[in-house]
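[1] Here is the input, now give the coordinates:
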Amino acid sequence: MSDNANSEKKTYHKKATGIALNTVKKHSKDHELKLYGSCFCPFVQRVWISLEVKSLNYQYIEVDPYKKPEQLMRINPRGLIPALQHGNDWGCYESSVLMEYLEDLNQGAPLLPTNAKDRAYCRLWSDHINRNILPHFYGLLQAQEIDQQVKHAQQLTDGIQKIVEAADQSGPFFFGPHISFVDIQFAPWIIRLKRVLIPYRGWPEPEAGSRWASWVKAIEENEGVKATTSTDELYMDSYERYAENRPDTSQVANAVNEGRGLP
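    Reported below is the predicted structural model:
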């Protein structure tokens, strides 16, 4: 392939666009609670949505995770995002852990129910998302052979069907009328189904009138989700490298290709 052809390849964006850019500007001032993230990353968006839904004050700091800036490495020696810094001497990482940390602050709208059994139920289905949905989202996107695409599409469909069946049937969210922990765990990939899997892999739109359709609609229209979502072009460009399964696209891509769990 010529150098000119390589130069036409799309890559990940380093600056949010659309409504998400407005949110970045709104939260650019120094604050003791800092979110280190990248606009294209769905794991970052989990934490970002949580901050917005809780209406917490925070500072958003855009970093390039592939260049692993020193400020990120101080918080997460692996150099992965998202990472939170709270105060001068404490930092943590891993999206699910950070969502739980924000809950433990007991500030803003709660994302987990108060009942211990319901909280366990939330954690169970969050684990289902991480184990049985996300790997097949990436598997389908990265697969180049039709038979592998069909396999991952069916596994992704099965994973979604199971969680839809487990959700409150009156909805529109997982636990009923309000967005909560499980919804936010899943939300970044729900919006990427439309913006990434439909154009790159022909993923079907939700069946009109279905429980799944009402959930997707509720996620798309939620203010916290919209506030952290960039324009469609950002996702199309940023995920081209996954759809072409380019070597060393990311640690997530490498893990899927090697049959390992997501990092």
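[2] moving C-terminal of the helix or strand of the chain with the lowest mean pLDDT, what's the next helix or strand?
    The weakest-scoring helix or strand in the chain, judged by mean pLDDT, DSSP states H and E, is helix 3-7 (a mean of 44). Following helix 3-7 in sequence order, the next helix or strand is helix 18-26 (DSSP states H and E).
[3] per-residue confidence averaged over that next one?
    For helix 18-26, mean pLDDT is 98.
[4] Does anything pack onto that helix? Which helices or strands?
    strand 59-62, helix 223-227 (3 or more Cβ pairs under 8 Å, 6 or more residues apart in numbering; DSSP states H and E). All C-beta spots, glycine's among them, are computed from the backbone N, C-alpha and C.
[5] Need the ones you listed in TSV (columns: mean neighbour count and distance to residue 142).
    Compiled in TSV, those are given as follows (neighbours: other Cβ atoms under 10 Å; distance: least, Cβ to Cβ, whole Å):
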stretch	mean neighbour count	distance to residue 142
strand 59-62	18	25
helix 223-227	19	25
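[6] closest to residue 192 out of the ones you listed?
    Residue 192 sits nearest to helix 223-227 of all these, at 11.6 Å, using Cβ to Cβ.
[7] helix or strand right after the closest one?
    Counting by DSSP H and E, what follows helix 223-227 is helix 232-238.
[8] mind exporting that next one as CSV, just the C-alpha atoms?
    The C-alpha coordinates for helix 232-238 follow below in CSV (Å, rounded to 0.1, in the frame of the first residue of the first chain):
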residue,chain,number,x,y,z
ASP,A,232,-21.4,10.7,14.3
GLU,A,233,-18.3,11.5,12.2
LEU,A,234,-16.0,11.2,15.3
TYR,A,235,-17.1,7.6,15.9
MET,A,236,-17.0,6.6,12.2
ASP,A,237,-13.4,7.9,11.9
SER,A,238,-12.2,6.6,15.2
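[9] Tell me the pLDDT of the most centrally placed residue in the chain.
    With distances taken as Cα atoms, centre = their mean, residue 42 lies nearest the centre of the chain, 2.4 Å away. Confidence at residue 42, expressed as pLDDT, is 98.
[10] so what's it up against?
    The contact partners of residue 42, by Cβ atoms under 8 Å, 6 or more residues apart in numbering, come to 188, 189, 192.
[11] What's the local residue count around the second one?
    Looking back up the chat, that one is residue 189. Residues within reach of residue 189, counting by other Cβ atoms under 10 Å, total 21.
[12] Next one: it from residue 130, what distance?
    Going from residue 189 to residue 130 by Cβ to Cβ, to the nearest Å gives 10 Å.
[13] Low-confidence bits of the chain, can you list those?
    1-8, 248-250, 253, 255-257, 259, 261-263 (pLDDT under 70).
[14] just checking, what's the longest helix in it?
    Counting by DSSP state H, the longest helix found in the chain is helix 146-166.
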